[in-house]
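> coordinates only, sequence not included:
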């Protein structure tokens, strides 16, 4: 089927053409799915080394497969202010302008025979993992925020927000504002923010900060779903930090190439819209949402939002295309729920708010019991309760 060719065989071919043989195919499919549907995603890694390695993968996918030359990586800290974020975003457009001017000058003077254009990745307050790409240093400049339409055209199309969970609530609120309105107002100044043609990936190191729980509920709701990357060898054994560093040194050079054509994207969008979801499957999906919202360990008012419900159906359609189905099945509904809802629901963290205390439960037992649960277990519990249609 065409769907299978696009997302499985074609993805394997993309890995071979780009030289990314060690690339996690699920990560590639995740990025392609979000790129096709224009949805921002969260990617998590187990430690700092794995996070840096996944960052390199994301940069290579953006440049060597999607053909995006302007990739910006911003690392957040508790002390990060919005001016730092905006400088990192705007500097990418400045680098691209300088590179185009240099290229034009070389062509006009006819002094260059063959050149290989190298993507320059803008990184704020972080050194990327060991790479073989070239770098450029910007001269000191003063940023003007008056011509926002012109500046927005120069903003990067692929943005990696690293350790966003460590950022202050104020900065996370500004990110929410930027993702919704495409403009950020901070200290009386209006800053441009990338438009809907840009893809934002939040890369979270689970051991450094608070993980996904460190993101504001409104911010989590704006991201499509979360994908966790587990770095393992062929035997399924997790890679050590030394092995991850060795693999980082073997990564290929950044060489922008658009291997995903517009026809492929248009065909994928068309296939997503043609997926058939029968009424029984829709009722099954609604039951899952209702049971999640009323689960005893889901914080009141922090269950699945209306946007989360729409994302549920959208992700289900993508899953159908990825697996080569023309219609939705209960197993794919369960798979989409496990992929989506751990990012969308907030657990009840304080035993005082656990509802069974009103009916005589012991608070000490409830406290010990709650420590054994996480978002993934809540999703599994709901899927075990809600009967799937025959």
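In hand now; what should we look at? None of the values given here were measured: they were computed from a predicted structure.
> mind listing the strands for the chain?
41-45, 71-75, 122-124, 158-162, 183-186, 189-192, 199-205, 226-228 (DSSP state E).
> which of those has the lowest average pLDDT?
Ranked by mean pLDDT, the strands of the chain bottom out at strand 122-124, with a mean of 45.
> ok, now how distant is the nearest residue to residue 175 once chain neighbours are set aside from residue 51?
In space, and not counting its chain neighbours, residue 175 is closest to residue 219: 6.3 Å by Cβ to Cβ, 6 or more residues apart in numbering. Glycine gets a C-beta too; all of them are placed from N, C-alpha and C. Separation of residue 219 from residue 51 (Cβ to Cβ, to the nearest Å): 19 Å.
> and the two? Which one has more around it.
Taking other Cβ atoms under 10 Å, residue 219 and residue 51 do not tie; residue 51 has more neighbours (24 against 20).
> neighbours of the nearest residue to residue 300 once chain neighbours are set aside, how many?
Once flanking residues are discounted, residue 300 sits nearest to residue 353: 7.3 Å by Cβ to Cβ, 6+ apart. Other residues near residue 353 number 12, with proximity taken as other Cβ under 10 Å.
> how far away is residue 353 from residue 367?
12 Å.
> and for those two, which residues touch both?
Shared contacts of residue 353 and residue 367, defined by Cβ atoms under 8 Å, 6 or more residues apart in numbering, are absent.
> mind checking how far residue 368 is from residue 385?
To residue 385, residue 368 is 23 Å away according to Cβ to Cβ.
> any idea how far residue 355 lies from residue 272?
Residue 355 is 39 Å from residue 272, by Cβ to Cβ.
> name the residue in these two with the higher neighbour count.
For the pair residue 355 and residue 272, the greater number of neighbours falls to residue 272 (18 against 13), based on other Cβ under 10 Å.
> isn't the more buried one up against residue 321?
Yes. Assessed by Cβ atoms under 8 Å, residue 272 is found in contact with residue 321 at 5.7 Å.
> neighbours of residue 385, how many?
Neighbours of residue 385 (other Cβ under 10 Å): 11.
> I'd say residue 257 and residue 61 touch.
No. If you go by Cβ under 8 Å, residue 257 and residue 61 don't touch, sitting 11.4 Å apart.
> between these two, which has more neighbouring residues?
When residue 257 and residue 61 are compared for neighbours, residue 61 comes out ahead with 26 against 12, by other Cβ under 10 Å.
> can you tell me which residues contact the more buried one?
20, 23, 27-28, 31.
> go again with 10 Å.
14-15, 18, 20, 23, 27-28, 30-32, 35, 68, 71, 158, 201, 260 (Cβ atoms under 10 Å, 6 or more residues apart in numbering).
> closest to residue 373 out of those residues?
Nearest to residue 373 among the contacts of residue 61: residue 30, at 25.9 Å, using Cβ to Cβ.
> what about that closest one, neighbour count?
Residues near residue 30, counting by other Cβ under 10 Å: 23.
> ok, now residue 365?
Residue 365 - counted by other Cβ under 10 Å - has 11 other residues nearby.
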